[in-house]
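Engineer: fold the following, please.
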Amino acid sequence: MPQVALIQLLQIAWLLSGLFVHLLVCYGGKLKIRKFYYVLAHDMHQRNKGMDVRPRMQWPTKKLSEEIEGWLRASGLTKSPHVRGVIAPHAGYSYSGRAAAYAFGNIDPTNITRVFLLGPSHHHYTPKCALSTATVYKTPIGDLPIDLEVIEELKASGKLELMDIIVDEAEHSMEMHLPYLAKVFEGHQVKVVPILVGALKAESEAMYGQFLAKYVDDPQNFFSVSSDFCHWGSRFKYMHYDKKHGAIHKSIEALDRMGMDIIETGNPDAFKQYLSEFNNTICGRHPISVFLHMLRNCPINIKINFLRYEQSSQCKTTRDSSVSYASAAAKVVIISPNDSDTAEMQSSSYIDILRPPPQTQHPPL
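Structural biologist: Just a heads-up that it's a prediction; the model follows:
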């Protein structure tokens, strides 16, 4: 009897552990459970010496290098020393790898020594920006050392927090930019400054943008902003559809391009209003907003231009879903006084032309 009871007790414990794992998977978004999960995972996870090396993504080195080289060639872009930053997607390369080339293909690595990474947080909630605690990011193409001096400088400001290495490893938004950066800067000495951008309020976006603007002045600094665009479909809980554009995927594109046009004006207030009125599911909206505030507070004239737009699939019915990918380059431009006045008028006018979203219309089944 004691042996039977012990076996039953072990079976119950096993079932309870399975239930706990199920709760973690289903409700891991709850802050308390998530924190406990990170502690549990931290104990179980095999660490490199010093717990400061972010392991490389799993991908055949030769295949990945050849794919990236092919996409960069196919983009047909000319590298420019005046490009100070890019906005690029972060989905799997089979979906967004080609689109990303239209951002990274603009980079002239000759004089750049530091790349700031601005990526959204998909799994970890924070109302602030967070710094990596790693010392190096490993990629299949090459390692990218962290600029520890700048990390300490940013940390000393008290405005940014530190993210746990578990959070860093789980986040893909900056990770998917790393192989492209390793390829573009192959043969050059460059360090990275990873900044995880949390769920910021509007005033925090402005504060971080103003704080980081000083780094834009230095031509040796570069900025890689990570964002996908519209996530459409029932699984994303977003199904905005304006029938006047025709097919659903055309409506999605029109919505995305409205946002892209506003981003190109450099006006973070207009972009914020656009997001408020249309709720477009742009996952990198906070990094983009911070970047727009950085450019607004920088004395250098820098213009964002979108060069590529793609969708993972073309939605035609409510059973479909898709994610949009857009790539842009932020380039230094010389503007005459008259052109500057015109640009400011165009930027301000976007707030006036934004219209409320049409009443919800149901796509065809």
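Engineer: contacts, neighbours, all on C-alpha from now
Structural biologist: Noted.
Engineer: packing partners of the helix or strand harbouring Phe116?
Structural biologist: For Phe116, the element it lies in under DSSP states H and E is strand 114-120. Taking 3 or more CA pairs under 8 Å, 6 or more residues apart in numbering; DSSP states H and E as contact, the helices and strands that strand 114-120 lies on are strand 191-197, strand 221-226, helix 285-296.
Engineer: now that strand: mean pLDDT?
Structural biologist: Per-region confidence: strand 114-120 scores 99 on mean pLDDT.
Engineer: buried sites along it?
Structural biologist: In terms of neighbour count (16 or more other CA atoms under 10 Å), strand 114-120 has its buried residues at Arg114, Val115, Phe116, Leu117, Leu118, Gly119, Pro120.
Engineer: contact partners for the fourth one?
Structural biologist: The one in question is Leu117. Contact analysis of Leu117 by CA atoms under 8 Å, 6 or more residues apart in numbering lists Met174, Val192, Val193, Pro194, Ile195, Leu196, Phe223, Ser224, Val225, Ser226.
Engineer: now it: how far from Lys155?
Structural biologist: 16 Å (CA to CA, to the nearest Å).
Engineer: with mean pLDDT and distance to Tyr102 as new columns, can the helices and strands packed on strand 114-120 be given to me in TSV?
Structural biologist: Formatted as TSV, those follow (pLDDT from 0 to 100; distance: least, CA to CA, whole Å):
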stretch	mean pLDDT	distance to Tyr102
strand 191-197	98	21
strand 221-226	99	13
helix 285-296	99	17
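Engineer: looking at these, which is nearest to Lys237?
Structural biologist: Closest approach to Lys237 among the helices and strands packed on strand 114-120 (CA to CA): helix 285-296, 17.1 Å.
Engineer: which is the next helix or strand following the closest one?
Structural biologist: Counting by DSSP H and E, what follows helix 285-296 is strand 302-311.
Engineer: partner strands of that next one and their direction?
Structural biologist: When pairing is defined by DSSP bridges, strand 302-311 lines up against strand 322-332 (antiparallel).
Engineer: so how far is the partner strand off the chain centroid?
Structural biologist: Centre-to-centre, strand 322-332 and its host chain are 11 Å apart (CA atoms, centre = their mean, to the nearest Å).
Engineer: quick check: end-to-end length of stretch 154-162?
Structural biologist: End-to-end distance for stretch 154-162: 10 Å, by CA to CA.
Engineer: with stretch 209-217 instead?
Structural biologist: Start-to-end span of stretch 209-217 (CA to CA) is 13 Å.
Engineer: can you list contacts of it?
Structural biologist: Counting by CA under 8 Å, 6+ apart, 84, 221-222, 289-295, 297-300 sit against stretch 209-217.
Engineer: and which of the buried residues of strand 114-120 is nearest to Glu149?
Structural biologist: Arg114 (11.3 Å).
Engineer: the closest one reaches Val193, doesn't it?
Structural biologist: Yes - counting by CA atoms under 8 Å, Val193 is a contact partner of Arg114 at 7.3 Å.
Engineer: tell me, what's touching the two both at once?
Structural biologist: Residues touching both Arg114 and Val193 (CA under 8 Å, 6+ apart) are Asp147.
Engineer: can I get the helices and strands packed on strand 114-120 in JSON lines with mean neighbour count and distance to His249?
Structural biologist: Shown next, in JSON lines, are those (neighbours: other CA atoms under 10 Å; distance: least, CA to CA, whole Å):
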{"stretch": "strand 191-197", "mean neighbour count": "25", "distance to His249": "29"}
{"stretch": "strand 221-226", "mean neighbour count": "25", "distance to His249": "23"}
{"stretch": "helix 285-296", "mean neighbour count": "25", "distance to His249": "21"}
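Engineer: what number of residues lie near the closest residue to Val332 other than its chain neighbours?
Structural biologist: Leaving aside its sequence neighbours, Val332 sits nearest to Ile302 (CA to CA, 6 or more residues apart in numbering; 4.3 Å). If you count neighbours by other CA atoms under 10 Å, Ile302 ends up with 22.
Engineer: quick one, what contacts Ile302?
Structural biologist: For Ile302, the contact set (CA under 8 Å, 6+ apart) comprises Arg84, Leu295, Ala330, Lys331, Val332, Val333.
Engineer: from those residues, which is closest to Tyr93?
Structural biologist: So of the contacts of Ile302, ranked by how close each gets to Tyr93 (CA to CA), first place is Ala330, at 22.4 Å.
Engineer: thought that closest one was touching Leu307?
Structural biologist: No - look at Ala330 against Leu307 with CA under 8 Å: they stay out of range, at 10.7 Å.
Engineer: which one of these two has more residues nearby?
Structural biologist: Legend: neighbour count by other CA under 10 Å for Ala330 and Leu307, higher for Ala330 (24 against 16).
Engineer: please work out how many residues are found near the spatially closest residue to Ala88 that is not a sequence neighbour.
Structural biologist: Excluding its sequence neighbours, the residue lying closest to Ala88 (CA to CA, 6+ apart) is Ser327, at 4.7 Å. Neighbourhood size, Ser327 [other CA under 10 Å]: 28.
Engineer: Ser80 against Asp108, yeah?
Structural biologist: Yes - counting by CA under 8 Å, Ser80 does reach Asp108; the two are 5.3 Å apart.
Engineer: quick one: low-confidence ranges for the stretch 51-200 of the chain?
Structural biologist: Along the stretch 51-200 of the chain, the parts satisfying pLDDT under 70 run over 51-59.
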